[in-house]
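Engineer: Would you be able to build a 3D model of this:
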Amino acid sequence: MTSPGNLATDLRPNLSVPDPSALSMRLVHRAVSDLRRGTPVVLRGPEGPLVVAAAEVVGARGLAELAEVALAPPVLLLAPVRAAAVLQRPVPQGQGAEEGAVALRLPASLLDPAVLRSLADPVAERLLPEMPELTIIPALGAAAIALAKLGRLLPALVAAPVSETAALRLSLLAVDQADVMAYPHHAATSLTRVAEARVPLEDAPDSRIIAFRAADGGIEHLAILVGDVAALLAAGGAPLARIHSECFTGDLLGSLKCDCGPQLRGAIAKMHEDGAGVLLYLAQEGRGIGLVNKLRAYTLQDAGLDTLDANRAIGYGADERSFLVAATMLEQLDIPRVRLLTNNPDKLAGLAACGIQVLGRESHKFEGNGVNDRYLATKQDRFGHLLA
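Structural biologist: Residues are numbered from 1 along each chain as shown. Predicted structure coming up:
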């Protein structure tokens, strides 16, 4: 019989020390949420703390809060490629611009929500200021841009040096530069299975869908298992695998601007024909820039830019995805080796670098439809896709 003392011990809550990476992820996740609401946050780093607010969404209240705690006049932080477009001239080289952010000193008259949004968004009406003073903020600037990108916001922020004591008076959230930069790695490696179900598909009746969620509680990634992958692996084989970034417009609506829909359905059908396979459906819309920014990029493409230059004009890289997410999911599924269904050599290299055995590449080419011909040519000519 259990004694009262033992019973009390048994019912005592687990007070083990929390995982510090999980705690830092939650803090960064909260900071991203505040930015998306237009609330300033404090970013700590060796260069001293900055108070930052997203230029895309900050309103009069957020600007007033920022001004109340700022120790100097605010600047506009932009990704270097976006700064070059705003200034209509190249950003000076050799100043760490590629590793940081470009800081534009704006007159007080331009610290207005509508003007700031126009400077952040290449699709908005142009309201170009006179040539402002330009400086480079290296590490802390890069972290500020990274924080905006985590929120799928335009990488443009109003920023100023701040006293943390003053920021505490307004209950502004503070987050460390190192935690922001480590967030993508921690989010990818903390993925765990949270739900699964048998879901017969039109092109693959013997299919299951498994959902994965990171420790920050953010958006889920999905794995679609076709056939008996475990049996194939046990027999020494390697299943077909595809890394597929979600595409609302192509996968769901049948957009003609890309080839995502045919690639998704074609991959599932090919896995069914092959007997087994796994499709990793990743929440990385628009090569990691998010749906809203992808729509902005489409507008720029209609104006003449290709898909790569449109992403850069917004302030994002050509491809912002992390294939560590896919590798972690394969590890969780006990799939150590695959034959990758792709035209993208970066996916081959990315999986291999993360410890997954890639035993071969299967071509996954679909012909153009008259609307996406230039898009397909750009993927081959500028992204190096293997479409032969």
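Engineer: mind saving the C-alpha coords of the longest helix along the chain as PDB?
Structural biologist: Of all the segments of type helix in the chain, defined by DSSP state H, the longest one is helix 20-36. Listed next in PDB are the C-alpha coordinates belonging to helix 20-36 (Å, rounded to 0.1, in the frame of the first residue of the first chain):
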ATOM      1  CA  PRO A  20      16.600  26.400 -22.900                       C
ATOM      2  CA  SER A  21      16.200  26.200 -26.700                       C
ATOM      3  CA  ALA A  22      12.500  25.600 -26.300                       C
ATOM      4  CA  LEU A  23      12.200  28.600 -24.000                       C
ATOM      5  CA  SER A  24      14.100  30.900 -26.400                       C
ATOM      6  CA  MET A  25      11.900  29.700 -29.300                       C
ATOM      7  CA  ARG A  26       8.800  30.700 -27.400                       C
ATOM      8  CA  LEU A  27      10.200  34.100 -26.700                       C
ATOM      9  CA  VAL A  28      11.100  34.700 -30.400                       C
ATOM     10  CA  HIS A  29       7.700  33.400 -31.400                       C
ATOM     11  CA  ARG A  30       6.100  36.000 -29.100                       C
ATOM     12  CA  ALA A  31       8.300  38.700 -30.500                       C
ATOM     13  CA  VAL A  32       7.300  37.800 -34.100                       C
ATOM     14  CA  SER A  33       3.600  38.000 -33.000                       C
ATOM     15  CA  ASP A  34       4.100  41.400 -31.500                       C
ATOM     16  CA  LEU A  35       5.800  42.600 -34.700                       C
ATOM     17  CA  ARG A  36       2.900  41.400 -36.800                       C
END
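Engineer: Which elements pack onto that helix?
Structural biologist: strand 41-44, strand 50-54, helix 139-150, strand 174-176, helix 177-189 (3 or more Cβ pairs under 8 Å, 6 or more residues apart in numbering; DSSP states H and E). The way it works is simple: take the backbone N, C-alpha and C, and place the C-beta from them, glycine included.
Engineer: Could I get the full set of helices for the stretch 1-150 of the chain?
Structural biologist: 4-11, 20-36, 60-69, 80-87, 113-120, 139-150 (DSSP state H, counting those that start in this stretch).
Engineer: low-confidence ranges in the stretch 51-200 of the chain?
Structural biologist: The stretch 51-200 of the chain contains residues with pLDDT under 70 at 92-99, 125-134.
Engineer: do the same with the stretch 251-388 of the chain
Structural biologist: For the stretch 251-388 of the chain, the ranges with pLDDT under 70 are 388.
Engineer: Which parts of it are strands?
Structural biologist: Along the stretch 251-388 of the chain, counting by DSSP state E, counting those that start in this stretch, strands occupy 276-282, 337-341, 357-362.
Engineer: Tabulate those (TSV), appending distance to Gly370 and mean neighbour count.
Structural biologist: Formatted as TSV, the strands of the stretch 251-388 of the chain follow (distance: least, Cβ to Cβ, whole Å; neighbours: other Cβ atoms under 10 Å):
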stretch	distance to Gly370	mean neighbour count
strand 276-282	27	24
strand 337-341	25	21
strand 357-362	26	14
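Engineer: among those, which is nearest Lys257?
Structural biologist: Distance to Lys257, taken as Cβ to Cβ, is lowest for strand 276-282 among the strands of the stretch 251-388 of the chain, at 19.6 Å.
Engineer: Just give the nearest non-adjacent residue to the residue nearest the centre of the chain, would you?
Structural biologist: For the chain, the residue nearest the mean C-alpha position is Gly288 (4.2 Å; Cα atoms, centre = their mean). In this structure, Gly288 finds its nearest non-sequential neighbour in Glu320, 3.1 Å apart by Cβ to Cβ, 6 or more residues apart in numbering.
Engineer: Burial check on that neighbour, number of neighbours?
Structural biologist: 17 (other Cβ atoms under 10 Å).
Engineer: my guess is it meets Lys149, correct?
Structural biologist: Yes - using Cβ atoms under 8 Å, Glu320 is in contact with Lys149, at 6.8 Å.
Engineer: Need the overlap of contacts for the two.
Structural biologist: Residues touching both Glu320 and Lys149 (Cβ atoms under 8 Å, 6 or more residues apart in numbering): Ile289.
Engineer: sorry, back to before: now the angle from the longest helix of the chain to helix 177-189?
Structural biologist: Angle between the axes of helix 20-36 and helix 177-189 is 110 degrees (criterion: axes from the mean of the first three to the mean of the last three Cα atoms, to 10 degrees).
Engineer: Contacts for helix 20-36, please.
Structural biologist: Helix 20-36 has contacts (Cβ under 8 Å, 6+ apart) with 40-41, 52-54, 57, 147-148, 150-151, 153, 173, 175-176, 179-180, 182-183, 186-187, 190, 214-218.
Engineer: hmm, back to that, just tell me which of the helices of the stretch 1-150 of the chain ends up closest to Ile268.
Structural biologist: Comparing the helices of the stretch 1-150 of the chain by Cβ to Cβ, helix 139-150 comes nearest, at 30.2 Å.
Engineer: Quick one: name whatever helix or strand follows that closest one.
Structural biologist: Note on helix 139-150: by DSSP states H and E, the next helix or strand toward the C-terminus is strand 156-161.
Engineer: so what's Val226 closest to, chain neighbours aside?
Structural biologist: With Cβ to Cβ, 6+ apart, the residue lying closest to Val226 is Met271, at 4.1 Å.
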